[in-house]
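1. model the structure of this input:
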Amino acid sequence: MSFTAADVPVQTGRTILVTGANTGIGLEAAKVLAAKGARVLLGCRDAARAQAAMERIKAATPGADLAYVALDQADLASVRRAAGQVAAEPRLDVLLNNAGVMIPPLSRTAQGAESQFGVNHLGSFALTALLLPKLAQTAGARVVVTASLAHRQGRMMWDNLHAEKGYNSGRFYAQSKLANLLFMLELDRRLRAAGSPVKAIGCHPGVSLTELMRHLPSWTQPLLPLARPLFNPVAAAAWPALQAATDPQAQGGDYFGPQGIWEMRGASGKARIEKHALDRGDARRLWDLSVELTGIDPGLPEA
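-> Sure thing, here's the model as predicted:
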């Protein structure tokens with residue numbers, strides 16, 4: 001099946017938290033979900049940008065039910081506050097983990113983690129763990145984890161997770177995206193073992209020109225227009241996330257992405273997971289390390 005925004009079912013009565021919802025893929029997903037009747041919570045770092053995003057959504061859907069959630073995944077204290085706000089909602093049907101950073105200069109989270117591993121993985125791990133009890137109150141609830149084609153090149157650098165022994169932005173981005181898939185698949189196994197009603201589902205957007213690419217080297221900028229025909233339009237890049245969040249046929253452990261050439265663009269469908277992302281030993285090690293680094297334990301049994 002090829003899935004697009006037109007295939008998103010009516011979402012009336014459902015509440016969906018979209019992280020990184022003020023721009024790019026997160027904004028496009030929030031637009032569609034709001035148009036389909038969902039209450040959309042926009043998890044964003046900047047209140048002004050979140051307000052601008054909500055105004056754009058309401059311009060397209062005047063009756064949109066929206067709320068801002070202050071969320072900075074580079075600070076676990078902010079993640080905890082955001083989770084507390086969301087937990088006070090009457091219900092939560094979907095946590096769409098979309099927020100992320102890509103190939104920035106070396107920087108660190110408030111807790112000292114390398115920023116890509118910290119924001120892309122640890123922030124999502126912590127938010128998910130804190131919201132699992134809320135999600136479990138709603139039948140059919142889902143956690144969506146956004147990975148990337150870059151997971152194919154990713155390797156876990158266990159002896160250099162915090163970049164004390166050197167930093168390469170591309171390698172650390174690929175590691176963080178591999179971590180996303182290892183986490184999603186381990187979460188799926190543990191939710192099943194616990195008999196939880198919550199599903200864990202993954203997705204990737206293909207290749208799209210979004211604000212996430214703002215740290216690309218300057219020499220690449222003149223080349224981007226030449227490569228544009230291969231890229232996924234931003235609206236289409238949101239389709240895999242929308243499928244993961246809303247497709248009635250989606251199952252826990254599924255992974256969705258574009259169906260076009262090299263999974264770079266096109267309608268959404270089942271995507272390929274590299275063999276090393278299926279390593280259960282690495283997934284368990286990452287899980288335990290994530291609990292240690294965040295101080296937050298989802299409390300799910302090992303599968």
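
2. C-alpha coordinates for the host helix or strand of L131, PDB please?
-> Per DSSP states H and E, L131 falls inside helix 124-135. Output in PDB follows, covering the C-alpha atoms of helix 124-135 (Å, rounded to 0.1, in the frame of the first residue of the first chain):
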ATOM      1  CA  SER A 124      13.100  11.000  22.700                       C
ATOM      2  CA  PHE A 125      13.900   8.000  25.100                       C
ATOM      3  CA  ALA A 126      13.200  10.200  28.100                       C
ATOM      4  CA  LEU A 127      10.000  11.700  26.800                       C
ATOM      5  CA  THR A 128       8.700   8.400  25.700                       C
ATOM      6  CA  ALA A 129       9.400   6.700  29.000                       C
ATOM      7  CA  LEU A 130       7.700   9.500  31.000                       C
ATOM      8  CA  LEU A 131       4.600   9.400  28.800                       C
ATOM      9  CA  LEU A 132       4.100   5.700  28.500                       C
ATOM     10  CA  PRO A 133       1.800   5.500  31.500                       C
ATOM     11  CA  LYS A 134      -0.400   8.200  29.900                       C
ATOM     12  CA  LEU A 135      -0.400   6.500  26.500                       C
END
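
3. what packs against it?
-> Helix 124-135 sits against strand 15-19, helix 76-87, strand 94-97, strand 142-146, helix 169-194, helix 280-294, with contacts defined as 3 or more C-beta pairs under 8 Å, 6 or more residues apart in numbering; DSSP states H and E. For the C-beta atoms, the positions are set from N, CA and C on the backbone; glycine is no exception.

4. taking strand 142-146 as reference, get the angle to the helix or strand just after the first one.
-> Following strand 15-19 in sequence order, the next helix or strand is helix 24-35 (DSSP H and E). Direction vectors for helix 24-35 and strand 142-146, defined by axes from the mean of the first three to the mean of the last three C-alpha atoms, to 10 degrees, enclose an angle of 150 degrees.

5. now helix 24-35: average pLDDT?
-> Averaging pLDDT along helix 24-35 yields 97.

6. run the angle between it and strand 15-19 for me.
-> Using the same axes, to 10 degrees: helix 24-35 against strand 15-19 is 170 degrees.

7. other SSEs contacting helix 24-35?
-> strand 15-19, strand 39-44, helix 47-60, strand 65-70, helix 234-237, helix 239-246.

8. one step back: among the helices and strands packed on helix 124-135, which is nearest F117?
-> helix 169-194 (5.0 Å; C-beta to C-beta).

9. circling back to that earlier point, show me which residues of the helix holding L131 are buried.
-> Buried positions in helix 124-135, judged by neighbour count with 16 or more other C-beta atoms under 10 Å: S124, F125, A126, L127, T128, A129, L130, L131, L132, K134, L135.

10. on that earlier part again, out of the helices and strands packed on helix 124-135, nearest to A29?
-> Each of those has some distance to A29 by C-beta to C-beta; the shortest is strand 15-19, at 5.6 Å.

11. contacting residues for N180?
-> By C-beta atoms under 8 Å, 6 or more residues apart in numbering, the contact set of N180 is N97, N120, H121, S124, V145, T146, A147, S148, H151, G202.

12. show the average pLDDT along whichever helix or strand the last one is part of.
-> Spelled out, that is G202. Assigned by DSSP H and E, G202 belongs to strand 199-203. The average of the pLDDT scores along strand 199-203 is 98.

13. and the contacts of that strand?
-> 140-147, 180-181, 184-185, 187-188, 191, 240-241, 243-245, 250-257, 268, 271.

14. so what strands line up beside that strand?
-> With DSSP bridges as the test, strand 199-203 is paired with strand 142-146 (parallel), strand 255-258 (parallel).

15. can you say which of the contacts of strand 199-203 are buried?
-> Neighbour-count burial (16+ other C-beta under 10 Å) applied to those gives 141-147, 180-181, 184-185, 187-188, 191, 240-241, 243-245, 250, 252-257, 268, 271.
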